[in-house]
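In: Sharing a sequence plus its predicted fold:
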Amino acid sequence: MRLITSSILVFAGAIAFAPLQAQEASIDASKTEQVRAKLAKLTPEQKQATVLAAIKILEDGQKTAAEKVGAIRSLELLQSPDSVSALSKLLGDATLADEARAALQRIPSAAVPAALLGALRTTTDAKLQAGFLESLGRLREKSAVPVIADLLKSSKDVRVLEASVRALGSIGSAEAFAVLKNASLSPAQVELQKDVLLDIAEKLLSSSKSGADIASIKEVLENFSKDSADTDIRFSSWLLRIRYSLTDAGAALTSGDKVVRSAALAFLSSAQDTESSKTLITLIGTVKGADAKAVLGAIANRHLSAAAPALRSRIGSESDADTKAEFIKTLGQIGSAADVAFFAALLKEKGDFADAANEALKQVRGEGVPAAFVALITNASSGSEVRKELLGISYRRPLPQVTEGILPVLNDPDGDVRIEALKAVERLSSKANLPALEKVNATDKDVASRLQKLIKKLRG
């Protein structure tokens, strides 16, 4: 394969490489991945030759802007530090500056931030300034913060001001937070300023090495928490305060302010730390109404099984029917086999309790649950209605593990229970159950007939 020192063709702002050998087709200039794949196959020497060829195009005063754009894009793909100097010289060119900085910000060289920062300091073109700010932000260049601070004080251009704010957000340092916090911006930029301050605050709070001034961050978050004009800002600031223990989650959840409670719920629903789990469990014994539903929702979302004892205690003492029903349903989501008999007993109740128990029995999971169902279904003292309900739930969930355990019920004295058991067996059985099914001696003719059809079907 020969070197491609003169094979870069430029047209319409894109690049294509001529055939490396006579039998190879040209690369489609519109498909960057094809170009990247071809470059990846080149030897270091060939890549260097390509870089030099592209630089030569940039330095040639006779080349068109389109040809130079193509050369810049080839250098962007090659990412050679050797091209930094040539690309940096284009940062003052209004036509090529955007292409040049896009290429520079991808090159791993300490000279790149310095070049972009130098260009930012010297240009007065607002469009170019906004572009350099974007690149410096993308590079998270902390040395740019003082320059950005000056621009926030001196510039009147909306593009520059907003690009400065976003660049500080991307840099995300303690210095960037301080500069943005103290910046006096027009009402048009204040909303963006608040959003970015929240973003930086989260970055700083989540890093133990950020060097953040926690008191300053807390002050900002507390001020935003009182911002009645913007619900989203209030919610986000409360959420950050709660998430990073600048505010007690339990106290926030009992607030009379809907936004505060929503933030507390969002935190408690997603957090996995031990302390927030303890907070939720502690609240079970006291919360009421909407707050109770919020706590229960958080417990269910986290599947906080450690809350089960507190739930059982609250269910036993709760006098409000609606609240008690919600606690029952939540226990179904986090409870265990030990709760199945309790839920089954509630099926005898009417109204909300029975409905909640039915829902709980559909949800309860864990080792021993199928066996608990079987024990109740096969025990006549459970009552006909409860047994039928449990059989229905077992095949609607479904719970195939109960299949062989309930086979004796196919000869139950209660005809309704017997038929419901048959429905369960028909819907839950598989070939693995054939040996047990074949041993059943059904005394009811209808049951025996349907059982034989099921066995024949499973035999295939």
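Out: Yes, it's here.

In: Could you break the protein into its assigned domains?
Out: Segmentation of the chain into domains, based on automatic domain parsing, reads 1-109, 120-212, 220-298.

In: Thr443 looks like it's in a strand, true?
Out: No - with DSSP: H, G, I helix; E, B strand; the rest coil as the criterion, Thr443 is coil rather than part of a strand.

In: Spit out the contact partners of it.
Out: Asn411 (Cβ atoms under 8 Å, 6 or more residues apart in numbering). For glycine as for every other residue, the C-beta is placed from the backbone atoms N, C-alpha and C.

In: And Leu451, by the same measure?
Out: So, once contact is read as Cβ under 8 Å, 6+ apart, Leu451 ends up touching Leu410, Leu422, Val425, Leu437, Val440, Ala442.

In: give me that answer again for 6 Å
Out: Leu451 makes contact with Ala442, according to Cβ atoms under 6 Å, 6 or more residues apart in numbering.

In: likewise Ala176?
Out: Counting by Cβ under 6 Å, 6+ apart, Ala176 makes contact with Val145, Leu168.

In: again with Pro398
Out: Taking Cβ under 6 Å, 6+ apart as the definition of contact, the neighbours of Pro398 are Leu428.

In: what does Lys181 give?
Out: Contacts of Lys181 by Cβ under 6 Å, 6+ apart are Val220.

In: Now with 7 Å, please.
Out: If you count contacts by Cβ atoms under 7 Å, 6 or more residues apart in numbering, Lys181 has them with Leu197, Ser216, Val220.

In: isn't there a helix covering the first one?
Out: Spelled out, that is Leu197. Yes - assigned with three-state DSSP, Leu197 falls within a helix.

In: related to what we said a few turns ago, how about a markdown table for the domains of the chain, with distance to Ala357 added?
Out: Written out in a markdown table, the entries for these read as follows (distance: least, Cβ to Cβ, whole Å):
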| stretch | distance to Ala357 |
| --- | --- |
| domain 1-109 | 59 |
| domain 120-212 | 43 |
| domain 220-298 | 16 |
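
In: weakest of those domains by average pLDDT?
Out: Looking over these, mean pLDDT reaches its minimum on domain 1-109, with a mean of 75.

In: Just the element for Ser319, please.
Out: Taking DSSP states H and E as the definition, Ser319 sits outside all helices and strands.

In: I meant to write Gly256 there.
Out: Taking DSSP H and E as the definition, Gly256 sits outside all helices and strands.

In: Which stretches in the stretch 51-200 of the chain count as helices?
Out: Listed in chain order, the helices of the stretch 51-200 of the chain (DSSP state H, counting those that start in this stretch) span residues 65-78, 84-88, 97-104, 111-122, 126-138, 145-154, 158-171, 174-182, 187-205.

In: do you know which of the ones you listed lies nearest Ser384?
Out: Proximity to Ser384, assessed across the helices of the stretch 51-200 of the chain by Cβ to Cβ, is greatest for helix 187-205 (58.3 Å).

In: Please state the offset of the helix or strand that the closest one is followed by from the chain centre?
Out: Tracing the chain past helix 187-205, the next element assigned as helix or strand by DSSP H and E is helix 214-225. Using Cα atoms, centre = their mean, to the nearest Å, we find the averaged C-alpha position of helix 214-225 to lie 26 Å away from the chain's own average C-alpha position.

In: Which elements pack onto helix 214-225?
Out: Judged by 3 or more Cβ pairs under 7 Å, 6 or more residues apart in numbering; DSSP states H and E, helix 214-225 is in contact with helix 174-182, helix 187-205, helix 231-243.

In: With distance to Arg397 added, can I get those helices in TSV?
Out: Rendered in TSV, the data for the helices and strands packed on helix 214-225 read as follows (distance: least, Cβ to Cβ, whole Å):
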stretch	distance to Arg397
helix 174-182	52
helix 187-205	41
helix 231-243	36
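
In: Between these, which one is closest to Ala341.
Out: Closest to Ala341 of these, according to Cβ to Cβ: helix 231-243, at 38.5 Å.
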